[in-house]
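Visitor: Make a model of this:
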Amino acid sequence: QVQLVESGGGLVRSGGSLTLSCAASGFTVSTYWMYWVRQAPEKGLEWVSSINPSGGTTYYAKSVKGRFTISRDNAKRTLTLQMNSLKPEDTALYYCARVPSYNGVLWVDYWGQGTQVTISS
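Guide: Numbering: from 1, shown residues only. Next comes the predicted model:
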């Protein structure tokens with residue numbers, strides 16, 4: 001079955017860095033877009049970043065552009081989010097998500113359980 005397992009969250013000070021990882025299994029990783037999505041306390045889901053199946057195309061939310069870097073290693077079935085210059089407003093539960101695509105339409109069909117990122121000021 002499809003599994004997405006995030007890791008790497010933690011508590012860091014403002015200005016610090018964290019690297020999140022998502023281990024994927026149960027499907028052909030190299031054929032799917034992947035997203036990172038976060039949810040801050042008492043707020044809705046916020047899309048953070050996307051990466052295409054080959055890893056050659058990436059997109060970022062305005063709030064993280066220039067600070068976060070998404071990457072993937074299809075051979076290792078791993079998705080990564082490198083987060084630098086972290087701010088208290090980056091505090092959230094971070095999820096990786098599998099994203100099928102068809103005729104240019106993308107949607108999320110599987111989520112991981114999330115990893116908590118907490119940034120202290």
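
Visitor: residue nearest the centroid of this structure?
Guide: residue 36 (2.4 Å; C-alpha atoms, centre = their mean).

Visitor: Partner strands of whatever helix or strand that one lives in, with direction?
Guide: Here residue 36, judged by DSSP states H and E, is contained in strand 33-39. Neighbouring strands of strand 33-39 in its sheet, by DSSP bridges, are strand 45-51 (antiparallel), strand 92-99 (antiparallel).

Visitor: what sits against residue 41?
Guide: If you count contacts by C-beta atoms under 8 Å, 6 or more residues apart in numbering, residue 41 has them with 91, 92. No exception for glycine: its C-beta is placed from N, CA and C like everyone else's.

Visitor: What distance do you get for it to residue 111?
Guide: Counting by C-beta to C-beta, to the nearest Å, the gap from residue 41 to residue 111 is 18 Å.

Visitor: Please save the CA atoms from stretch 113-121 in PDB.
Guide: Output of stretch 113-121 as PDB, limited to C-alpha atoms (Å, rounded to 0.1, in the frame of the first residue of the first chain):
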ATOM      1  CA  GLN A 113       1.200  11.700   8.900                       C
ATOM      2  CA  GLY A 114       3.100  14.900   9.200                       C
ATOM      3  CA  THR A 115       6.200  16.100  11.100                       C
ATOM      4  CA  GLN A 116       6.100  19.000  13.500                       C
ATOM      5  CA  VAL A 117       8.300  22.100  13.000                       C
ATOM      6  CA  THR A 118       8.400  24.600  15.800                       C
ATOM      7  CA  ILE A 119      10.400  27.800  15.500                       C
ATOM      8  CA  SER A 120      11.100  29.900  18.600                       C
ATOM      9  CA  SER A 121      11.700  33.600  18.400                       C
END
